[in-house]
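S.K.: Got a sequence here, can you build the structure:
(2 chains)
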Amino acid sequence: MTRLTEFRQASRAWLQANCPESQRLPIVKREQIWGGRRRIFPSADAQVWFERMRDKGWTAPEWPTAYGGGGLSAAEAGILTQEMTALGCRPPLYEIGVWMFGPALLEYGTETQRQEHLPPIVRGEIRWCQGYSEPSAGSDLVSLKTRAEDKGDHFLVNGTKIWTTQADKADWIFCLVRTDPYAPKQAGISFLLIDMATAGVSTTPIPLISGESEFCQTFFDDVRVPKGNLVGELHGGWNVAKALLRHERKLMSIMGTMVEKEEGNIIDLARQYVGLDAEEKLRNPLLRHQLAQHLMRAQCDSLTTERIQQQYKHGQPDNNLPLIMKYLSTTEQQSKDELMLAIMGNRGLSWDDATYTENERKLVRNWAYNKAHTIAGGTSEIQLNIIAKRALGLPS
Amino acid sequence: MNMVLNEEQVLLRDTMKAFLQEHADVSAMRTLRDTKDPIGYSLPLWQQLTELGVGAIVMPEAYGGLGFGFLGLGAVMQEMGRTLTATPLLSSVILGASAIELAGSARQRQALLPAIAAGKLTLTLAVDEASHHAPLATRLALRETPNGLRLNGTKVFVLDGHVADKFVVVARSAGDAGDSHGLTLVLVEATSPGVTISRTTMIDGRNSAELHFENTPVNIDDLVGAQHSAWPIIEKVIDRGTICLAAEMLGGAHELFARTLAYLKEREQFDVKIGSFQALQHRCALLYCQLEQCQTAVQSALGSLDSEASDIALQASIAKALVNDCYQLVSNEAIQLHGGMGITDELDIGLFLKRARVCLQLLGDTSYHLDRYATRLNF
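M.R.: The predicted structure follows:
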């Protein structure tokens, strides 16, 4: 028996013995386990599940054991994910520090920084958020203005960050700040870690069209940040940011699971709301046509992901192909949402009225929430720019 | 579902690409059109292609087949789409021979399949009767008379119908138009009594024909498969044709896109390459997304034929519906992005545009396939 097979069997047995039944049900938003100084476990089972996984280091399976991680190889971590998926185990911890910041710190942080920051992430004691965009630096991120002045033993930070996801619940923020105002664009940017409990840091949630406020604006007024909180080289923050972006795809896929899926598939909902004629066809021929088109495109999107994997497996990768996925999947999701509203008619117009079913209200919330997807993580227009330049070689 | 070519299939594709570029590029199509070629494709070229084995790519090995599978055949169709190469590959080998292979008697298979693969005999499928593809609506009648079976009716849009040796005719032997029961496949010699053939000249310069049958006698041995119950076979045959046609169309769309990109990188206005304008870059990026989505649909559908998957019909409709829309869009955009040159006959863009429109109608337009897909999924 190979070592990996042994690992698979051992981890399966462990998960079966240690994952509480309630933690194997499909995840719903209010039962997600988030860490942080102010963490509250959604249930006793959730706490048990989190603590068991934490003790094995499996809240961050691939991180070295020296920092509290699981010390697994990429292959072992892949097997663990497969086994967790097979059993339906919920993620033991939702944490940006695990998904994005930690991997970048492992690459660019000093030993002192890793020792200080990684173990609390694994233990779910510190919750991180990201400070990149600013009110006047969105797609044009390198024009960011938040200033970190060198004051000898510390940096003095002034400015504001926007779309700081769940910053109101986070303990620390990793930021891109301008350390050299005279250097051109990315040359004057550094990567700085800021404890949000520091004097001068304040955060305001931004009410969104979906009725939620998971994005915030964070303000820095004369915030003193120790020099030791600089990651990577002074003015070299763009390299760290790029390393971090490589992990963003993972985040995007996790974000996909954060939306609660509607109950029942779209065909059943169409039958229910639109009704069928004597030939068992949807009564509204235009909606029937649009639904068929949507289902065809949706199937092709998931098959394209599979084609990319098959290309890698066969040693014939087309490096341009993955560039289209963000654009396609997010626009497709939005047209599905619009179609869903059209199918529901006036039953798709409320998210808080008690006379609507929970599922109806959820669908409307998702429709509004998913508007963020073609903007966050690189707008659709930026995606098209990238395709035009990199895949098609069109001139600047 | 495997969507990636294996080494042999890659080699087949590359060999075919090189051959077509040398012997049958788009100018060959232009010559056929300008000389009003009576056959509509080059016989010597078809002979060369069949000698290379193009007719035997998916033929069962017992009949001289090569076993490259539909992924291999699709790759060849895609290359032919790039060069607009006119051949009876679709009409004779994919549609005609498939009917014989899937439903024919041992005698029919032995007599016909090797000859079709070798290019010595051409068949074609006669299915459409009206302005739109609607195989279930077949009315052309196969009736028992005191003198034996007789065919009466009309078929239109029959590919290569004026030069094919034999027709595989979709006929109604029972029931009414719209019924799936009561359809029969009949093999008819082009020279049979009561058959009138008139060539239709269409915008793409290729061939189709209108066939009239008036008391055409049918021998019981010339039925392909059982009487009245041919519908599942007809669907399988047409699905193969649809998927391979989608591959050809996608090849054409890729070629048009490549030519358009090259033009944007070379054409200057306002002292810059017009390809530097974001409005045009985004249009191209959107076309690229659609082309790749269609490539997935086509590869997946070809793979489903190779693995004899249970959802071939759905995959065929997805591929044709998406590729229809894509080829239509790409051909329109290619003209617009080429500006005034796009509407000249000197450039080849118009040849692709016209081929696209014929292909759009062939074996079902987008609304046909959306309806078929929805019906199959019970909504």
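
S.K.: Let me see the domain layout of the chain.
M.R.: Answering for chain A, as no chain was given. By the assignment in automatic domain parsing, chain A contains the domains A:3-94, A:128-238, A:259-391.

S.K.: that's the other chain; I wanted chain B
M.R.: Chain B breaks down by automatic domain parsing into domains covering B:7-122, B:124-228, B:232-376.

S.K.: Go through those domains and name the closest to chain A.
M.R.: Evaluated with CB to the nearest CB, these place domain B:232-376 nearest to chain A, the distance being 3.6 Å. (C-beta placed from N, C-alpha, C; glycine too.)

S.K.: how about the closest one against chain A, any contact?
M.R.: Yes: residues of domain B:232-376 contacting chain A under CB under 8 Å from any CB of the partner chain: B:261, B:264-265, B:272-273, B:275-276, B:278, B:280-282, B:284-286, B:288-289, B:292-297, B:299-300, B:317-318, B:321-322, B:367, B:370-371, B:373-375.

S.K.: Just the ones in strands from those, please.
M.R.: Secondary structure from DSSP state E places B:272-273 of the residues of domain B:232-376 next to chain A in strands.

S.K.: Of the residues of domain B:232-376 next to chain A, just the buried ones, PyMOL syntax please.
M.R.: A single PyMOL command is used to select the members of the residues of domain B:232-376 next to chain A judged buried by 16 or more other CB atoms under 10 Å in any protein chain shown:
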select buried, chain B and resi 261+264+273+275+276+280+281+282+284+285+286+288+289+292+293+294+295+296+297+299+300+317+318+321+322+370+371+373+374
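
S.K.: can the domains of chain B go into TSV with extra columns for mean pLDDT?
M.R.: Shown next, in TSV, are those (pLDDT from 0 to 100):
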stretch	mean pLDDT
domain B:7-122	95
domain B:124-228	97
domain B:232-376	98
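
S.K.: Helices of chain A, start to end?
M.R.: A:3-18, A:44-56, A:74-87, A:96, A:102-108, A:111-122, A:237-245, A:248-258, A:266-274, A:285-313, A:325-344, A:358-369, A:380-386 (DSSP state H).

S.K.: average pLDDT for the second one?
M.R.: If I follow you right, that is helix A:44-56. For helix A:44-56, the mean pLDDT works out to 97.

S.K.: buried ones in stretch A:178-189?
M.R.: Result for stretch A:178-189 [16+ other CB under 10 Å]: buried residues A:178-179, A:186, A:188-189.

S.K.: and residue B:85, which of the three is it?
M.R.: Following DSSP: H, G, I helix; E, B strand; the rest coil, residue B:85 is assigned to coil.

S.K.: Okay, and which of the residues of domain B:232-376 next to chain A map to helices?
M.R.: B:261, B:264, B:278, B:280-282, B:284-286, B:288-289, B:292-297, B:299-300, B:317-318, B:321-322, B:367, B:370-371, B:373-375.

S.K.: Chain neighbours aside, what residue packs nearest to residue A:202?
M.R.: Leaving aside its chain neighbours, residue A:202 sits nearest to residue A:219 (4.9 Å; criterion: CB to CB, 6 or more residues apart in numbering or on different chains).

S.K.: so what's that neighbour scoring on pLDDT?
M.R.: pLDDT for residue A:219: 98.

S.K.: about what we covered before: export the domains of chain A to TSV and tack on distance to residue B:256?
M.R.: Converted to TSV, the domains of chain A look like this (distance: least, CB to CB, whole Å):
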stretch	distance to residue B:256
domain A:3-94	41
domain A:128-238	31
domain A:259-391	17
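
S.K.: picking up where we left off before, I'd like the domains of chain B as CSV, with distance to residue A:348 appended.
M.R.: Converted to CSV, these look like this (distance: least, CB to CB, whole Å):
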stretch, distance to residue A:348
domain B:7-122, 41
domain B:124-228, 34
domain B:232-376, 21
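
S.K.: Burial check on residue A:286, number of neighbours?
M.R.: Neighbourhood size, residue A:286 [other CB atoms under 10 Å in any protein chain shown]: 9.

S.K.: next one: residue B:231
M.R.: 19.

S.K.: before we move on, what about residue B:314?
M.R.: 21.

S.K.: what about it, which SS state?
M.R.: Here residue B:314 is recorded as helix under three-state DSSP.

S.K.: and if you look at residue B:184?
M.R.: Three-state call for residue B:184 (three-state DSSP): strand.

S.K.: residues touching the closest residue to it other than its chain neighbours, list them.
M.R.: Nearest residue to residue B:184, sequence neighbours excluded (CB to CB, 6+ apart): residue B:173, at 4.2 Å. By CB atoms under 8 Å, 6 or more residues apart in numbering or on different chains, the contact set of residue B:173 is B:141-143, B:182-184, B:227-228.
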